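Enquirer: what shape does this take:
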Amino acid sequence: MEFRNKGKLHKSFKDIICSNGTVISIFQGERGENAELDIRICYKDKYTKGPKRTPKHIHWVIDLLIKKENSRELTMEFIRYLRGI
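Expert: Residues are numbered from 1 along each chain as shown. Here you go, the predicted structure:
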C-alpha cells in the first residue's frame, strides 16, 4: 500500500490481507529520537476511500511487538489464542 502525506510518498514494507478484504499495512515511522524504530500502521477496508486510516487503540500492537522480543514463544502462543477466538 502507499499514500502521500505532505507531498512525500510512503510505501508499506509489510501488507497483511484479511479474509474480508481489509488490508493492514506497516510503514516506516518518522517520530521520536529513534525514528528508525518507529512504525505506522494503517488499514484500508471497503468503507475507507484512502489508506491513511490508523486504527484507534493501536498501542496494544506495539506492546505485543516489544513483548515478542523478550518472550517470543509465549507471545506467539497468545497471538494464536487471539486469532482463534
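
Enquirer: spit out the contact partners of the spatially closest residue to L9 that is not a sequence neighbour.
Expert: Once flanking residues are discounted, L9 sits nearest to E2: 6.2 Å by CB to CB, 6 or more residues apart in numbering. Using the backbone N, CA and C atoms, a C-beta is placed for each residue, glycine as well. Counting by CB atoms under 8 Å, 6 or more residues apart in numbering, E2 touches 9-12, 51.

Enquirer: tell me how many other residues crowd K44.
Expert: 19 (other CB atoms under 10 Å).

Enquirer: can I get stretch 1-9 in PDB, CA atoms only?
Expert: Taking Å, rounded to 0.1, in the frame of the first residue of the first chain, the C-alpha atoms of stretch 1-9 are listed here in PDB:
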ATOM      1  CA  MET A   1       0.000   0.000   0.000                       C
ATOM      2  CA  GLU A   2       1.200   3.600  -0.500                       C
ATOM      3  CA  PHE A   3      -0.100   7.100   0.200                       C
ATOM      4  CA  ARG A   4       1.100  10.600   0.000                       C
ATOM      5  CA  ASN A   5       1.400  12.900   3.100                       C
ATOM      6  CA  LYS A   6       2.700  16.500   2.700                       C
ATOM      7  CA  GLY A   7       3.900  15.600  -0.800                       C
ATOM      8  CA  LYS A   8       6.000  12.700   0.400                       C
ATOM      9  CA  LEU A   9       5.300   9.200  -0.900                       C
END
